[in-house]
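Enquirer: fold the following and give me the result.
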Amino acid sequence: MLPRGSFKLRKYSHFVLLFLIFSWENLVAQPGTLDKNFGNEGITVIPFEGGYARVLSMAIQSDSKIVAAGFFHNGQNLDFALARFGTNGLLDASFGTYGLVTTDFYQGDNSIRSVVIQNDGKIVASGYAYQDTVPNFIIARYNYDGTLDSTFGNNGVSVTQIEMASYGFSSAIQSDGKIVVAGTAIYSSSNGQDRSSIALARYKPDGLLDSTFGVNGILITTIGEISDMAQSVKIQDDGKIVVAGSSIYKEGFNKRPEVIIIRYTANGEMDKTFGIDGVVVSLVNLFSSASEVILDSSKILVSGSTYDGITEKFLLLKFNEEGVRDSIFGTDGVVTKSIGDNKSIATSLVLQPDHKILEIGYTFNGIQNVFALARFNENGSIDSVFGEAGIVTTAIDSWDSYLNVAVMQKDGRIVVGGSAQSSSAAARFVIAQYSLTPNLGILNNYEAEPTISIFPNPVNDRTTLSYKLASKSMISICLYDLYGNKIFTFISNQVKNPGISYEELIFPTWISSGMYMIVLSASSEKKAIKILKVD
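Expert: Purely as a prediction, here's the structure:
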């Protein structure tokens, strides 16, 4: 007689059911280790024929494929460059030419600084393009296969001239499909000196400027005495627009960069409920600058770098809804961390579902620049279980490696992108994947005892776990998230006889959909299997 639930196995046979079998020693892999199943021992390096290339932005598609974007030097000028990878870290041959797409606009320098994925799977890339020696905002949209989308802008591209010159650095898609691009615009001030200000442009889903935003779709904001630059933009759930960047003020004869955060209403007006008339200026040490902003419910996290006169360090700032520093985070809302020898530059930020914070960038290790990752707890303290005392560094090649961006996969792994070069080769696209979880090392040890399997998988409200015990044992069966946190206990300390057993596991209604681990503890051993919970 078949156990209850086994009749469902045929129904779910079109899913790939992974019978993941572990020994406890292999379960406790250190968080922050390279994922050896990805690329070449966790790393993929892609040279572009003829010149150097760098990853400056990345996005994850709904099918978990990875889109990396930046620029490629074709021997004369910079081109837009995109690469798409499968979850195994290998180039996706169905995208562009063997996984690569390069686009030369106007025979001048072009660079993607931000890439985002629309709900329909189309790829929106923004940055800057030179036309007749003048840089302008540019935004292009690509189809799933890497071809330009002719229904967007002018045959797939929209170029916007703002002031004398402008550079787009970040982008975000609103819930209504409109696209906001943030950067900087340069103009001649009243004293005859060129200066820069924060520049935003909002585009309709067809790539045309949204005339309801700012002045004909463009918004200029001046904060500092000398210059302003937006590095990152995010959209709140209520439609408000949050921008982080840097302003340069003057103190005596010295120029002093400071972090700035600006919040606009959905229609582009300064949000008077935030900071002082919509602006927060935050100086840490002698100089500080922002690289990315992310939203954590009602809180705002900003990554960047700071300099105290001796050492450049990673910088983290946390603010509440009103733009006031969060006093329970770090020291009065500020965290700094030195990674290497006098220079640690933070470039990107990822917020994990468990509210741990991963800040990434690069550092100088005394010999070369290398990838640098640091993980912090929700209160800003360093997470000592990650890497070595909260820090991971990775040298990709024999010369310098620069880490510029990080994104999180659905399974809880972190994918990072940047560039690397040896002394004899041009800089190349680099992506790498790290495990963020403490207990998820996969071992294809199909002969270990006890073996376990589960069906059906994906799981709705219940499933059946089968396992084999070599001897009489006391068992517990628990549900964990992908960060090693126990969510629910199905069975606790029950004695079971040797042989094959079946347990029907019923999930509480409050457990949301997503990836989890079911862990079987039997005497001194533990086994685990990954499941997908669906509603």
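
Enquirer: which of the residues in stretch 168-184 are buried?
Expert: 168-173, 178-184 (16 or more other CB atoms under 10 Å). Backbone N, C-alpha and C define where each C-beta goes, glycine included.

Enquirer: also stretch 225-235?
Expert: Buried residues in stretch 225-235 (16+ other CB under 10 Å): Ser227, Asp228, Met229, Ala230, Gln231, Ser232, Val233, Lys234, Ile235.

Enquirer: isn't the last one right up against Val180?
Expert: Yes: with contact taken as CB atoms under 8 Å, Ile235 and Val180 are classed as touching, separated by 6.9 Å.

Enquirer: any shared contact partners between the two?
Expert: Jointly contacting Ile235 and Val180 under the rule CB atoms under 8 Å, 6 or more residues apart in numbering are Ala172, Ile173, Gln174, Ile241.

Enquirer: show me the residues you listed that map onto helices.
Expert: Among those, no residue falls in helices (DSSP state H).

Enquirer: in strands only, show me these.
Expert: Among the shared contacts of Ile235 and Val180, the ones falling in strands (DSSP state E) are Ala172, Ile173, Ile241.

Enquirer: can you check the pLDDT for Ile198?
Expert: At Ile198, the model reports a pLDDT of 97.

Enquirer: please flag which of the buried residues of stretch 168-184 sit within helices.
Expert: Per DSSP H, the buried residues of stretch 168-184 never map to helices.

Enquirer: okay if I get the residues you listed as a markdown table plus pLDDT and distance to Asn216?
Expert: Listed next are those as a markdown table, based on pLDDT from 0 to 100; distance: CB to CB, whole Å:
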| residue | pLDDT | distance to Asn216 |
| --- | --- | --- |
| Gly168 | 98 | 17 |
| Phe169 | 98 | 21 |
| Ser170 | 98 | 21 |
| Ser171 | 98 | 19 |
| Ala172 | 98 | 20 |
| Ile173 | 98 | 21 |
| Lys178 | 98 | 15 |
| Ile179 | 98 | 16 |
| Val180 | 98 | 15 |
| Val181 | 98 | 15 |
| Ala182 | 98 | 17 |
| Gly183 | 98 | 17 |
| Thr184 | 97 | 19 |
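
Enquirer: and which of the buried residues of stretch 225-235 is nearest to Ser501?
Expert: Set against Ser501, the nearest of those by CB to CB is Lys234 (49.0 Å).

Enquirer: so who does the closest one touch?
Expert: So Lys234 contacts Ala172, Ile241, Val242, Val293, Ile294, Leu295 (CB under 8 Å, 6+ apart).

Enquirer: quick one: it from Ile173, how far?
Expert: To Ile173, Lys234 is 11 Å away according to CB to CB, to the nearest Å.

Enquirer: all helices of this protein, in order?
Expert: With DSSP H as the criterion, the chain has helices spanning 24-27.

Enquirer: what number of residues lie near Asp308?
Expert: Close neighbours of Asp308, defined as other CB atoms under 10 Å, add up to 14.

Enquirer: next one: Met270
Expert: If we define neighbours as other CB under 10 Å, then Met270 has 17 of them.

Enquirer: pLDDT score assigned to it?
Expert: 97.

Enquirer: same check, this time on Ser246
Expert: pLDDT at Ser246 comes out at 95.

Enquirer: how about the one 3 residues further on?
Expert: Model confidence at Tyr249, expressed as pLDDT, equals 82.

Enquirer: out of the buried residues of stretch 168-184, which is nearest to Lys343?
Expert: Nearest to Lys343 among the buried residues of stretch 168-184, with distances taken as CB to CB, is Phe169, at 21.8 Å.

Enquirer: wait, that closest one sits on Arg113?
Expert: Yes: contact criterion CB under 8 Å: Phe169 and Arg113 qualify, at 4.8 Å.

Enquirer: now for these two: what residues contact both?
Expert: In contact with both Phe169 and Arg113: Gly127, Gly183, using CB under 8 Å, 6+ apart.

Enquirer: what about the strands in the stretch 1-150 of the chain?
Expert: For the stretch 1-150 of the chain, the strands defined by DSSP state E, counting those that start in this stretch occupy 43-46, 53-60, 66-73, 78-85, 100-103, 110-117, 123-131, 134-142.

Enquirer: so which of these gets nearest Asn404?
Expert: strand 53-60 (5.3 Å).

Enquirer: which elements pack onto the closest one?
Expert: Applying 3 or more CB pairs under 8 Å, 6 or more residues apart in numbering; DSSP states H and E, we find strand 53-60 packed against strand 66-73, strand 110-117, strand 401-408, strand 413-420, strand 428-435.

Enquirer: distance from it to the middle of the chain?
Expert: Distance of strand 53-60 from its chain centroid, counting by CA atoms, centre = their mean, to the nearest Å, is 10 Å.

Enquirer: how far off centre is stretch 235-242?
Expert: 19 Å.

Enquirer: which residues does it contact?
Expert: Outside stretch 235-242, the residues touching it (CB under 8 Å, 6+ apart) are 172-175, 180, 200, 233-234, 261-266, 268, 271, 293, 295, 300.

Enquirer: now that stretch: buried residues?
Expert: Ile235, Lys240, Ile241, Val242.

Enquirer: gap between the two ends of it?
Expert: Taking CA to CA, to the nearest Å, stretch 235-242 runs 6 Å from one end to the other.

Enquirer: model confidence over it, on average?
Expert: 96.

Enquirer: check stretch 499-517 too.
Expert: pLDDT averaged over stretch 499-517 gives 87.

Enquirer: just how off-centre is it within its chain?
Expert: 29 Å.

Enquirer: same question for stretch 200-211.
Expert: The answer for stretch 200-211 is 25 Å, by CA atoms, centre = their mean.

Enquirer: and for stretch 510-523?
Expert: Worked out by CA atoms, centre = their mean, stretch 510-523 lies 25 Å from the chain centre.

Enquirer: and if you look at stretch 334-352?
Expert: Distance, centroid of stretch 334-352 to centroid of chain: 15 Å (CA atoms, centre = their mean).

Enquirer: contacting residues for Asn320?
Expert: Taking CB under 8 Å, 6+ apart as the test, what Asn320 contacts is Ser298, Lys299, Ile300, Asp326.

Enquirer: with Gly32 instead?
Expert: Gly32 neighbours (CB under 8 Å, 6+ apart): Leu373, Arg375, Phe386, Gly387, Val392, Tyr434, Ser435, Leu436.

Enquirer: what does Lys486 give?
Expert: Lys486 neighbours (CB under 8 Å, 6+ apart): Cys478, Leu479, Tyr480.

Enquirer: mind listing the strands for the stretch 401-535 of the chain?
Expert: 401-408, 413-420, 428-435, 452-455, 462-469, 473-480, 486-496, 499-506, 514-522, 525-533.

Enquirer: now for those strands, which one comes closest to Phe95?
Expert: Comparing the strands of the stretch 401-535 of the chain under CB to CB, the one sitting nearest is strand 428-435, at 13.6 Å.

Enquirer: which positions in that closest one come out as buried?
Expert: Arg428, Phe429, Val430, Ile431, Ala432, Gln433, Tyr434, Ser435.

Enquirer: so what's the closest residue to the third one other than its chain neighbours bridging to?
Expert: The shortest distance from Val430 to any residue other than its chain neighbours is 4.7 Å, reached at Ala420 (CB to CB, 6 or more residues apart in numbering). Ala420 forms beta bridges with Ser401, Arg428, as assigned by DSSP bridges.
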